[in-house]
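Visitor: turn this into a structure:
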Amino acid sequence: MTQHSQLTQPEDGINREKAQRATRLLLEALGEDPDRPGLADTWERRVPDAFATLTDGIRENEKPTMRTFDAEADGLVVKTDIPFYSLCEHHLLPFHGTVHVAYRPRDKVVGLSKVARYVRWQSRQLTMQERLTNDIASGLAEELNVPLVLVEMDATHLCEAMRGIETKSTTITQTTVGEPTAIERAQFRTAVARAEGRQ
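Guide: Below is the predicted model:
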């Protein structure tokens, strides 16, 4: 089970009074006037609204319903090039990229758009890339009740690109739940390579 069910948040996802106060204090700490034109809406509305959306992944009620259909085959289902955007828990800066997912169904398959929606939901939290990759794989295995899930994530971290070494690079993480056959592993690698060749 992931960390999602362990957290309790206000119903709308964020304590807006605290978010407003914190954002206002941060602006003041930076030497800004929070009440000047251009910044008043920043702390009063825009930042609280943005963080409410960007942390949807810690709220179970925001999780997409994984509607399933009868499977007509038991071969690997592969979904590539799923875009994601998440927040680094160390710097509160975004990291983003693409996720490739494959799973081996039992007797049911899920609508392909639901896989993308699930990735988006998991991504909307303060996390690390390695943990997010694991959360997507283990979460899908549990949600879909399937014996095998493979996940590969390619991401660019703005905490590297905008500060620190100030260099844009790609970090790749991989997680497998279950034991893929050699054929399944090759099928996944071929699908990922084909997707990357289109970029």
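
Visitor: what's in contact with the helix or strand bottoming out on mean pLDDT in the chain?
Guide: Using mean pLDDT, DSSP states H and E, strand 68-70 stands out as the lowest-scoring helix or strand of the chain, at a mean of 88. The contact list for strand 68-70, computed with C-beta atoms under 8 Å, 6 or more residues apart in numbering, reads 107-111, 144. All C-beta spots, glycine's among them, are computed from the backbone N, C-alpha and C.

Visitor: spatially central residue in the protein, please.
Guide: In the chain, the residue lying closest to the centroid (C-alpha atoms, centre = their mean) is Ser123, at 1.6 Å.

Visitor: ok, that one - contacts?
Guide: 57, 84-86, 132.

Visitor: output those residues as TSV; include the columns neighbour count.
Guide: TSV is the format used below for the contacts of Ser123 (neighbours: other C-beta atoms under 10 Å):
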residue	neighbour count
Gly57	25
Phe84	20
Tyr85	13
Ser86	26
Leu132	24
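
Visitor: secondary structure class of the residue of the chain positioned farthest from its centre, three-state.
Guide: Distance to the chain centre peaks in the chain at Arg36, reaching 34.4 Å (criterion: C-alpha atoms, centre = their mean). Under DSSP: H, G, I helix; E, B strand; the rest coil, Arg36 falls in the coil class.

Visitor: how does this structure divide into domains?
Guide: If you go by automatic domain parsing, the domain ranges for the chain are 3-62, 68-198.

Visitor: just to revisit the earlier point, nearest to Ala73, of the contacts of strand 68-70?
Guide: For these, the residue nearest Ala73 by C-beta to C-beta is Val109; the value is 8.9 Å.

Visitor: give me phi/psi at the closest one?
Guide: When quoted as degrees, to the nearest 10, the phi and psi of Val109 stand at phi -120, psi 160.

Visitor: give me every residue that touches it.
Guide: 68-71, 77.

Visitor: cool, thanks, signing off.
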